[in-house]
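**Student:** A structural model of the following input is requested.
(one chain, ligands or ions: 1)
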Amino acid sequence: MSTLQSENFTFSQIIKSKAQVCAIEGLSGCAKTEVYLQRIHALYEEGIPYSQMLNIAGSRYKIKSNTIRFKQKWSEEEKYPSFITLYSFCYQLIKKYNAQHDIETWKAYKDLGSIVMRLVKKHFNLDLSFEECECIMSKIALSKTSMMSEKEIQAIRIPNIDVDFAYLFKQYEKEKERLKIYDFEDLLVHAFQLLSTTSLASLCSNIQYIHVDDAQELPFLAHLILHRLVNNEKQLHLFYDEHQQLSLRHAADLQPLQALESTYASVERFELKTNYRNAPAILSLAESFYFHKDMEETQEIEKDVCFYKGFQTETELYAYAEEKAKASQGKCLFLARNKEMLLPLMDLFVKNEINFQCPSIKYFFKYSFITDMMHFFDLLTDPRNLLAFEAISSKLNIKCSEKTYQSIAEQLSQNDDFDVYQAIMNANVKAEIKNGIRKYIENFRMIQNASSLAMFQFVLQKLEYRRFLIQENISLSHPAMVAFQALCERYTDPKDVTTCLRTLASATYPDTARIILDSIDTCEIEECSEVYVMDMQQSLFPLTEEDTERKRLYLAMMKAQDHLEFLFAKRVGNTRLRPSSFLLELFKKPEKENVAPQNVERQAPALPRRGRKIMHESLGEGTILKLDNHLATIRFANHNERTLNLTFCLNNGLAKLL
Ligand SMILES: Nc1ncnc2c1ncn2[C@@H]1O[C@H](COP(=O)(O)OP(=O)(O)OP(=O)(O)O)[C@@H](O)[C@H]1O
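**Tutor:** As a prediction, the model looks like this:
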């Protein structure tokens, strides 16, 4: 039995639905989470303890925001429900079973991309880019969560990457077993096996009501798990929005949501249609952009609610952002295209003592190549800095014992005019170490007063750090590397680069701050009264496949309650920037009206034709085989074919046309 309600129903009908499965669909801002929380609270009011409810949230971020929202809404309650991701729930089941049977439980990791990169290098001698690795990871997830047979796995091909997927898949599984670790899909696989072979009563007897927010993110296997849990007598509420499905990584599958009627005895469907979040002009702009609908007239009237602004330079843009942050009253969100692009704004806000939260930015400082670079800069700008030398000596293939360092330190303290290199030459250390240093010594001294970018190149080339990066499968186009180079461009004095990074690393970003800095890359953007979308230039937007980028931008716009602005700089350094084609489309500006074509040429030359040769920073010389919008398939040496975002590479100096 199935019914669909799309008009004239109340929230309470959803909340009180007695169907075995209740599927609630609605676009962003149409109160899905609101109803999800109300349903949980209503059951509690009926006397059902929270322990009988399994409340699945899409991510750790959603767990946090749902908990806060619930507590704000029903602040008088003594008890509150808990929320959990499906992966954590599965892990709990596995742990429980293992504890009952005295079996060791392996650790679980969400991101094992580094293992895939390593295996591809080892078995196929290929350096994967971040995007290529993502693509392989998503195929691995799909193989497992759609329970593919060996034959089906054999048939999987990875476009433009010359790897035998089935072989790689086997090696990946073996490697995890060797390391005794799970990836997230393993959690689903094992939990499903347990639920198929063990009595439900021994694993999770008391769950009667299951609520799943963001159900569009569930892979096929997750639906099988839910089906096992629901059994006969339990109830399942699924809240979803197909337009919010972004993360390919976990092989999300909409099909089971569309086919609930073939799986469950009774299904009731509701479609939430009222948007409660956005000012009409914002909603109209976002929908016209994403659904290619005609714009409502309100947009014309409310020009002060959403608009775009171009600035001559990035500095002016950031100064404007600062002014807006200071003047804002409610929650105010600044969105960069990707996390790394947030660094310049963070830098400015920290300097101006503007409190802000910045979810997950600290990861930047965890990259060992960033800390290595900082140590190199420390040593090269201050050649008496023995600690910095100690930190990077292994990258220079110099192995010193504790005693050796003591001897060098003594030389330094006795001779104020010695640098570390001279101290090594005079210290009582092995000839091998002295020879290691002799190789670099003059270069070290020459670079001391160079600019940040020159120093960066020096470390890569003359100090051969590049070789280390290649060993570790880190490409120069890694976003954190690009951000580091951007800072080198911003601060010509290398000391300023390291000071800026250290300040950002040690600053605190309170969870409660009203101002939020985030990136459009994350699908988990908080709703805010004011939203400022930065980086609206063509070189950054669209950055990858157009439909995905359109969705990202639409979802970002849908988080703006009262005010939405798009910002872009017309120039960065000596480079003229072209406004994003999305921006032109949003505000219906013909491209020519905005920018003089001769200016555009300098920053984004018309894309080259097939057959043209390019020189890529890390991949060397290559020939363009195919061009699809910005994506180019390029053949490099040894018939190594790669797909690159050519515009991005050209604009960011990662490649040049020959
Ligand atoms: N009945 C209502 N009356 C007024 N405001 C409401 C109502 N229901 C929800 N809201 C408000 O509308 C906003 C959007 O609601 P909610 O977050 O539940 O939507 P959603 O569909 O879950 O959105 P998203 O998919 O983007 O997460 C919230 O600020 C919420 O407090």
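**Student:** Spell out which parts of the stretch 401-550 of the chain neighbour the ligand.
**Tutor:** Proximity of the stretch 401-550 of the chain to the ligand, by C-beta under 6 Å from any ligand atom, involves residues Glu527. The C-beta positions use only the backbone N, C-alpha and C, and glycine is treated the same way.
**Student:** in the stretch 401-550 of the chain, which spans are helices?
**Tutor:** 402-414, 420-426, 431-438, 441-447, 452-461, 465-471, 479-490, 494-506, 546-557 (DSSP state H, counting those that start in this stretch).
**Student:** Out of the ones you listed, which one sits most buried?
**Tutor:** helix 420-426 (a mean of 21; mean count of other C-beta atoms under 10 Å).
**Student:** Now tell me what touches it from outside.
**Tutor:** 379, 383-386, 389, 408-409, 411-412, 415, 418, 433-434, 437-438, 440-441, 444-445 (C-beta atoms under 8 Å, 6 or more residues apart in numbering).
**Student:** switch the cut-off to 7 Å
**Tutor:** For helix 420-426, the external contacting residues (C-beta atoms under 7 Å, 6 or more residues apart in numbering) are Pro383, Arg384, Leu386, Phe389, Ile408, Gln411, Leu412, Ile433, Lys434, Ile437, Ile441, Phe444.
**Student:** likewise stretch 498-518?
**Tutor:** The contact list for stretch 498-518, computed with C-beta under 7 Å, 6+ apart, reads 325, 328, 331-335, 342-343, 345-347, 350, 354-359, 365, 374, 377-378, 487, 491, 525-526, 528.
**Student:** Among those residues, name the buried ones.
**Tutor:** Buried positions within those, assessed by neighbour count (16 or more other C-beta atoms under 10 Å), are 325, 328, 331-335, 342-343, 345-347, 350, 354, 356-359, 374, 377-378, 487, 491, 525, 528.
**Student:** coming back round to it: ok, of the contacts of helix 420-426, which one's closest to the ligand?
**Tutor:** For the contacts of helix 420-426, the closest approach to the ligand (C-beta to the nearest ligand atom) belongs to Phe389, at 50.6 Å.
**Student:** mind listing what that closest one touches?
**Tutor:** By C-beta under 7 Å, 6+ apart, the neighbours of Phe389 are Leu379, Val420.
**Student:** Near the ligand, which residues of the stretch 251-400 of the chain are found?
**Tutor:** Contacts of the stretch 251-400 of the chain with the ligand, taken as C-beta under 6 Å from any ligand atom, map to Tyr276, Arg277.
**Student:** Quickly note the distance from the nearest residue to Leu187 once chain neighbours are set aside to Gln245.
**Tutor:** Of all residues not flanking Leu187 in the chain, Cys90 sits nearest, at 4.2 Å (C-beta to C-beta, 6 or more residues apart in numbering). According to C-beta to C-beta, to the nearest Å, Cys90 stands 20 Å off from Gln245.
**Student:** These two: who's more crowded?
**Tutor:** Taking other C-beta atoms under 10 Å, Cys90 and Gln245 do not tie; Cys90 has more neighbours (26 against 18).
**Student:** Can you give the distance of the strand or helix carrying the more buried one from its chain's centre?
**Tutor:** Element membership of Cys90, judged by DSSP states H and E, is helix 86-100. In terms of C-alpha atoms, centre = their mean, to the nearest Å, the centre of helix 86-100 is found 27 Å from the chain centre.
**Student:** List the buried residues of that helix.
**Tutor:** Leu86, Tyr87, Ser88, Phe89, Cys90, Tyr91, Leu93, Ile94, Lys96, Tyr97.
**Student:** Format those residues as JSON lines; extra columns: distance to the ligand.
**Tutor:** Listed next are those as JSON lines, based on distance: C-beta to the nearest ligand atom, whole Å:
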{"residue": "Leu86", "distance to the ligand": "17"}
{"residue": "Tyr87", "distance to the ligand": "20"}
{"residue": "Ser88", "distance to the ligand": "20"}
{"residue": "Phe89", "distance to the ligand": "21"}
{"residue": "Cys90", "distance to the ligand": "23"}
{"residue": "Tyr91", "distance to the ligand": "25"}
{"residue": "Leu93", "distance to the ligand": "27"}
{"residue": "Ile94", "distance to the ligand": "29"}
{"residue": "Lys96", "distance to the ligand": "31"}
{"residue": "Tyr97", "distance to the ligand": "33"}
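**Student:** TSV for these, including pLDDT?
**Tutor:** Listed next are those as TSV, based on pLDDT from 0 to 100:
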residue	pLDDT
Leu86	96
Tyr87	96
Ser88	97
Phe89	97
Cys90	97
Tyr91	97
Leu93	95
Ile94	96
Lys96	94
Tyr97	94
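**Student:** Assign Leu236 to helix, strand or coil.
**Tutor:** Recorded secondary structure, Leu236: strand (DSSP: H, G, I helix; E, B strand; the rest coil).
**Student:** tally of neighbours for Ala507?
**Tutor:** Ala507: 17 neighbours (other C-beta under 10 Å).
**Student:** again, but for Pro49
**Tutor:** Close neighbours of Pro49, defined as other C-beta under 10 Å, add up to 12.
**Student:** Quick check: which of the helices of the stretch 401-550 of the chain is nearest to Gln20?
**Tutor:** helix 546-557 (30.9 Å; C-beta to C-beta).
**Student:** what packs against the helix or strand following the closest one?
**Tutor:** Remark: after helix 546-557, the chain's next helix or strand is strand 560-569, criterion DSSP H and E. Other elements packing on strand 560-569 under the criterion 3 or more C-beta pairs under 7 Å, 6 or more residues apart in numbering; DSSP states H and E are strand 306-311, helix 314-327, strand 528-533.
**Student:** and the second one with strand 560-569, angle?
**Tutor:** Yep, that's helix 314-327 we're talking about. Orientation check (axes from the mean of the first three to the mean of the last three C-alpha atoms, to 10 degrees): helix 314-327 against strand 560-569 gives 160 degrees.
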